[in-house]
Each structure stands twice: as C-alpha cells, then as structure tokens.
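1. the following comprises the amino acid sequence and a computationally predicted model.
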Amino acid sequence: MSETTVLKAEKVTRQVSSPEGPLTILQQVDLSIGAGESVALVGPSGAGKSTLLALLAGLDEPSAGRIWLNGAEFTALDEDGRAAVRARHVGFVFQSFHLLPSLTALENVMLPLELAARQGGATGGAATLRTQAAEALEKVGLTARRRHYPRQLSGGEQQRVAIARAFVTRPAVLFADEPTGNLDSATGEKIIQLLFDLNAASGTTLVLVTHDEALARRCTRVIHMDGGRLV
C-alpha cells in the first residue's frame, strides 16, 4: 500500500454455499481507496455492495484474495486481530441505526471509546471518555438529548447518534450502509450534509453503500457494481 492508500482489495472473491452448489457473490474485485476520499458503491440489489463493504471493514472474510486497511492486512489476521484493527481505525453507520435500547445517547456513543480502550487504542478514564462522547454529540447537535434513550428519539436523531458514535474514535475509515434508507428526504439530506461536514473536518475516508443518488453525487468517486464485479 502507498502512504496515501487507506483501503486496498486484491483479487477478492466471496462464495457461499447454496442448495444448488457454490454461489459466487463477489468475483476478483480489485480496489484502491485513498485517505480522505469519499466513495459511493452503487448498483442493483444483489450486486454485492454490502458484501464488499463487510469484507473491506473486516466483518467477514473473503473466500480468496487479500484486503488491507490502514496498513494492516485483514486477511492475515484472526478475528481478534481484525477486531483490534476495527476498534482503532473503523467506524460504522447502518440503515437501521443499531443503537442499544437500554443505553442513553451518551452511553451509546461511549461504547466504541470503551472498546478502543480495552484494545489499547484510547486513553483516559471514564470521565475522559464521557467528555469525548459528549463532544461528539455536540458536533451533531444533540447535546440536549444526550440523556434520552433511543425510543425517545426520532429516526433522524437516532441516526445522528449513530454518526456521533461512528466518528467519536476519529477512525481512518467510516463505512456506511444505506445511511439514509430509513429516513424521509428532508431528514436524509441533513444526515448527508452532516456526514460530509464531519468528513471534511476529520479527514476520515468515507465508503458508502447507497441507492440515494443525491448522496452518491456528493462523493468524490462513484463505483458501480453488478453481478459481483466492479463495472
């Protein structure tokens, strides 16, 4: 990897078993993404976008090929090793928010800081982590809602909490899978603006799976996928 390359995939293939035999979801994908880029993965349903996102993030393993993230070769690591890399260098935003219902907004944002601390990637005691989480919520305009539980928040507010949680560790790469999929158009536009404002402020690389044309157009690069290949 070059100094400016933060993500690289080399000949990545993903196959799964099916009653009819092996099913190839990704085929020989080569991809390189630079630091600070914003990249949209677009294509029809079943094209392999979310599968590729999961592989790039180290959430799954390819059947063949190699993947590097921020200098670490995911495909040479076991699950514990991949988890350590994710804790230090990766943030996630999902369509369905994935907030823990029993935790407040502030406590949800603290979770990746606590995980990074266990992995040796964050320092400071509980008070320091709480302050960092509060600052992340302030950046997304939710200071007044920090003690509210997810059920007490609107969809847009929940997604803003999820974005604060994703950015709080200042990751090298933020992965987002349909981040505006469960939101109305007006709220979705606010979330898009927030993602790119934080991207500009932090220099975090964004890799997005989306059917939202407005979101894709905002990215510095659009990668089209079909049939498990880049096209």
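-> Sure thing, it's come through. In this text the structure is predicted, and so the values were computed from the model without any measurement.
2. gap between the two ends of stretch 166-177?
-> End-to-end span of stretch 166-177 (Cα to Cα, to the nearest Å): 12 Å.
3. quick one: buried residues of that stretch?
-> A166, F167, V168, T169, P171, A172, V173, L174, F175, A176, D177 (16 or more other Cβ atoms under 10 Å). Quick note: C-beta positions are derived from backbone N, CA and C, even for glycine.
4. ditto for stretch 207-215
-> Buried residues in stretch 207-215, defined by neighbour count with 16+ other Cβ under 10 Å: V207, L208, V209, T210, D212, L215.
5. hey, C-alpha coordinates of that stretch in CSV?
-> Extracted in CSV, the C-alpha atoms of stretch 207-215 (Å, rounded to 0.1, in the frame of the first residue of the first chain):
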residue,chain,number,x,y,z
VAL,A,207,-17.1,4.4,2.0
LEU,A,208,-20.9,4.3,1.4
VAL,A,209,-23.4,1.8,0.0
THR,A,210,-26.3,3.7,-1.2
HIS,A,211,-29.3,3.9,-3.6
ASP,A,212,-29.6,7.6,-2.8
GLU,A,213,-28.5,9.5,-6.0
ALA,A,214,-28.0,12.7,-4.1
LEU,A,215,-25.7,11.1,-1.7
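6. what about G21, how many neighbours?
-> For G21, the neighbour count with other Cβ atoms under 10 Å is 7.
7. and it, how close does it get to E114?
-> From G21 across to E114, the span is 44 Å (Cβ to Cβ, to the nearest Å).
8. contacts only, for A76.
-> R66 (Cβ atoms under 8 Å, 6 or more residues apart in numbering).
9. so how far is V6 from it?
-> 17 Å.
10. one step back: quick one: which of the buried residues of stretch 207-215 sit in helices?
-> Among the buried residues of stretch 207-215, the ones falling in helices (DSSP state H) are L215.
11. picking up where we left off before, tell me which of the buried residues of stretch 166-177 is nearest to S50?
-> D177 (5.7 Å; Cβ to Cβ).
12. check the secondary structure at N199 for me.
-> What DSSP: H, G, I helix; E, B strand; the rest coil gives for N199 is helix.
13. thought it was touching L208?
-> No. N199 sits out of contact with L208 when judged by Cβ atoms under 8 Å, with a separation of 10.4 Å.
14. please identify every residue contacting each of these two.
-> S38.
15. find the centremost residue of this structure, please.
-> In the chain, the centroid-proximal residue (Cα atoms, centre = their mean) is F175; its distance is 2.0 Å.
16. beta partners of that residue?
-> F92, V207 (DSSP bridges).
17. just checking, it touches L53?
-> Yes. In this structure, F175 is within contact of L53 by Cβ under 8 Å, at 5.6 Å.
18. where do the contact lists of these two overlap?
-> By Cβ under 8 Å, 6+ apart, the residues touching both F175 and L53 are V207.
19. next, the buried residues of stretch 46-57.
-> By neighbour count with 16+ other Cβ under 10 Å, stretch 46-57 contains the buried residues A47, G48, K49, S50, T51, L52, L53, A54, L55, L56, A57.
20. please put the alpha-carbon coordinates of that stretch into CSV.
-> The C-alpha coordinates for stretch 46-57 follow below in CSV (Å, rounded to 0.1, in the frame of the first residue of the first chain):
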residue,chain,number,x,y,z
GLY,A,46,-27.8,-8.4,-5.2
ALA,A,47,-24.8,-6.7,-6.9
GLY,A,48,-22.5,-7.5,-3.9
LYS,A,49,-22.2,-4.0,-2.5
SER,A,50,-23.0,-4.8,1.2
THR,A,51,-20.9,-8.0,1.0
LEU,A,52,-17.9,-5.9,-0.3
LEU,A,53,-18.4,-3.3,2.4
ALA,A,54,-18.4,-6.1,5.1
LEU,A,55,-15.2,-7.6,3.7
LEU,A,56,-13.4,-4.2,3.5
ALA,A,57,-14.4,-3.5,7.1
